[in-house]
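> I'll drop the sequence and a predicted model, then ask my questions.
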Amino acid sequence: MTAETQQVPGIAVGAWSAPGSAAVEQRWAAWHRWGPYGLLAGGTLTSIVSADAVGMTTRARYAAGAMVAAALLLQWVWGRVSRGRTGPSRAGAAYYTVRWVLGFALSWLNPFFALFAVTGYFGANRLLPQRLVKYGLVATAVTMSGSQAGGMPPQGGVGWLGFGVLLGVNLALLAVFARIAAHEDERARVQSDTIAELERTNAALKQALDENAALHAQLLLQAREAGVADERRRLAAEIHDTIAQGLTGIIAQLQVVAGACDLTVARTHLDRASALARHSLGEARRSVHNLAPVDLEHAGLPEALDKTVAQWGERTGVGARFTVTGTAVPLHDEVSATLLRIAQEALSNTSRHACATRVGVTLSFMGDEVSLDIRDDGRGFDPHRLPERTGTRGFGLDGMRARAERIAGSLVLESEPGQGTAVSARVPLVGDDR
């Protein structure tokens, strides 16, 4: 609805248009400015032609001419005064009232001047305050009813009866048109509210999409950073488990060589140091490319653990035994690599800190879980009195625990001073999918 009918409790003849119809608005603005001129001209012409038929006297004709001139002057003045004005105002109410008076008087002189008086139906809501719109429309209906009844004043009882009937019909039409206008107002209001709600919803959706896009970008960045950090931790752990342990073993072998008097013994330990160096170099290369450990390349986890335990015992001189319980099944590469690295780290810790004489490594297949237990008879320690995290410890016990948790497993450490140490890793049994 346009502004001309949004607050009208009565009829709004020809004063509404579809929301946003600028072209229709412009046409109605042109009509309100120039339409009264056309209606006045039409009423004047028909009144001149019908002057004799309706019995207009010479005085009435001069009076009608003067009022037509007054109506023209009124319309010209209002055309200049109303430029830029919108909505009801006192000036608009005065213009409407004077125009109605002129239309009523002209219709009294000649009923055909009702063509000009009908302007009272157009624009009442845009000229009069809301409380006066009904009165303006009823006054216009009185003028039109008198004209339709043959002129004012009605002649005789029949004339007054006809005037009354016609006035009732006109008022009834006003009520019907008012109802239609109110219905259109309500429909336009609902449509406007719906559009406003859709705009709010679209704005909220756009904001949500923008926030989701920003969150997606943030998550991608965090995932990228987390991937980089995880890769760094993986490489650090691999270097600790391969190069660091290999170098430790090489140093131990060279220390034996340095104190050996027998050339055969020295050559044996040099061969071991050389083998350790080659093995560590191969493991480092595989770690960089995120490949499975060398020991798992052509063997399963039980065979790789058996070989690792045997070589460790041979290097350290500690009695080491490997046992498998349950029915062994091929494991997923990640599970096998994780358990092998945990075993290597646990054995490395034992050789450096435990002063053990015997070590037992047990791989147990238990339904939907695999358990790896490494136990020694060394000097043990109090797990609750371990020093704060250090670089070495970060890739030791914590590194083993992180490896187990990475594949949804867990790691438990048990130790007491003088009672040895036990490391137990439990991980889901995930078979080889090849």
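Noted; the coordinates are in hand. Residues are numbered from 1 along each chain as shown.
> Which residue is the nearest non-sequential neighbour of residue 376?
Using CB to CB, 6 or more residues apart in numbering and skipping residues adjacent in sequence, the residue nearest residue 376 is residue 356, 3.8 Å away. Just so you know, the C-beta spots here come from the backbone N, C-alpha and C atoms, and that holds for glycine as well.
> Over to that neighbour. Which of the three states is it?
coil (DSSP: H, G, I helix; E, B strand; the rest coil).
> give the contact list for it.
318, 350, 376-378, 420 (CB atoms under 8 Å, 6 or more residues apart in numbering).
> what does stretch 138-150 contact?
So stretch 138-150 is contacted by 100, 103-104, 107-108, 111-114, 117-118, 120-121, 124, 152-154, 159, 162-163, 166-167, 169-171, 174 (CB under 8 Å, 6+ apart).
> how far does it sit from the chain's center?
61 Å (CA atoms, centre = their mean, to the nearest Å).
> Reformat the contacts of residue 356 as a markdown table; add secondary structure and distance to residue 295.
As requested, the contacts of residue 356 are exported to a markdown table (DSSP: H, G, I helix; E, B strand; the rest coil; distance: CB to CB, whole Å):
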| residue | secondary structure | distance to residue 295 |
| --- | --- | --- |
| 318 | coil | 19 |
| 350 | helix | 18 |
| 376 | strand | 21 |
| 377 | coil | 26 |
| 378 | coil | 25 |
| 420 | coil | 26 |
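> re earlier: show me the contacts of stretch 138-150 that map onto helices.
100, 103-104, 107-108, 114, 117, 124, 159, 162-163, 166-167, 169-171, 174 (DSSP state H).
> ok, back up a step: out of the contacts of stretch 138-150, which are buried?
Buried members of those, counted by 16 or more other CB atoms under 10 Å: 100, 103-104, 107-108, 111-114, 117-118, 120-121, 124, 152, 154, 159, 162-163, 166-167, 170-171, 174.
> Relative to its centre, which residue of the chain is most distant?
residue 58 (80.0 Å; CA atoms, centre = their mean).
> What residues sit buried inside the helix or strand in which residue 142 is found?
Using DSSP states H and E, the element containing residue 142 is helix 130-148. Neighbour-count burial for helix 130-148 flags 132-134, 136-148 (criterion: 16+ other CB under 10 Å).
> same deal with stretch 307-317?
308-309, 311-313, 315-316.
> Next, give me the two most distant ones among the buried residues of helix 130-148.
Using CB to CB, the buried residues of helix 130-148 span at most 24.2 Å, a distance reached by 132 and 148.
> Can you list the strands that the helix or strand containing residue 422 pairs with?
Residue 422 belongs to strand 421-428 when elements are defined using DSSP H and E. The partner list of strand 421-428 in its sheet, established with DSSP bridges, is strand 369-376 (antiparallel), strand 410-415 (antiparallel).
> Out of those, indicate the one that is most buried.
The highest mean neighbour count among those, using mean count of other CB atoms under 10 Å, belongs to strand 369-376: a mean of 21.
> For that one, give me every contacting residue.
With contact meaning CB under 8 Å, 6+ apart, strand 369-376 is reached by 305, 331, 335, 339, 342-343, 346-347, 350, 354, 356, 358-364, 420-429.
> Tell me the buried residues within the residues you listed.
305, 331, 335, 339, 342-343, 346-347, 350, 354, 356, 359-364, 420-427, 429.
> Ignoring the adjacent residues along the chain, who's closest to residue 367?
Leaving aside its chain neighbours, residue 367 sits nearest to residue 429 (7.3 Å; criterion: CB to CB, 6+ apart).
> That neighbour contacts residue 329, doesn't it?
Yes: the criterion here is CB atoms under 8 Å, and residue 429 meets it with residue 329 at 7.3 Å.
> Give the residues shared as contacts by these two.
residue 365.
> buried ones in stretch 58-74?
63-64, 67-68, 71, 74.
> any weak-confidence spans in the stretch 251-400 of the chain?
Applying pLDDT under 70 to the stretch 251-400 of the chain picks out residues 279-292, 387-395.
> all helices for it, in order.
For the stretch 251-400 of the chain, helices defined by DSSP state H, counting those that start in this stretch occupy the ranges 263-288, 301-316, 333-349, 391-394, 397-406.
> so which of the ones you listed comes closest to residue 322?
Here helix 301-316 is closest among these (CB to CB), at 4.2 Å.
> what packs against the closest one?
The helices and strands touching helix 301-316, judged by 3 or more CB pairs under 8 Å, 6 or more residues apart in numbering; DSSP states H and E, are helix 245-259, strand 319-325, helix 333-349, strand 358-366.
> same thing but 7 Å
strand 319-325, helix 333-349, strand 358-366 (3 or more CB pairs under 7 Å, 6 or more residues apart in numbering; DSSP states H and E).
> can you list the ones you listed in CSV and add distance to residue 217?
Putting the helices and strands packed on helix 301-316 into CSV (distance: least, CB to CB, whole Å) gives the following:
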stretch, distance to residue 217
strand 319-325, 50
helix 333-349, 30
strand 358-366, 45
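> With residue 414 as the reference, name the closest of these.
helix 333-349 (12.3 Å).
> what's the helix or strand for the residue nearest to residue 61 when sequence neighbours are not counted?
Spatial nearest neighbour of residue 61, excluding adjacent residues (CB to CB, 6+ apart): residue 51 at 6.2 Å. For residue 51, there is no helix or strand it lies in under DSSP H and E.
> State the number of residues packed around residue 250.
19 (other CB atoms under 10 Å).
> now it: how far from residue 276?
5 Å (CB to CB, to the nearest Å).
> what does residue 106 give?
122 Å.
> How about residue 413?
27 Å.
> cool, and residue 329?
Counting by CB to CB, the gap from residue 329 to residue 276 is 31 Å.
> Then residue 259?
18 Å.
> Of those two, give the one with the bigger neighbour count.
More crowded of residue 259 and residue 276, by other CB under 10 Å: residue 276, with 21 against 10.
> Nearest spatial neighbour of residue 416, chain-adjacent residues omitted?
residue 380 (5.1 Å).
> List phi and psi for residue 418.
When read as degrees, to the nearest 10, the backbone of residue 418 gives phi 80, psi 0.
> list the contacts for residue 98?
Going by CB atoms under 7 Å, 6 or more residues apart in numbering, residue 98 touches residue 74.
> Which helix or strand contains it?
With DSSP H and E as the criterion, the answer for residue 98 is helix 90-109.
> Noted, bye for now.
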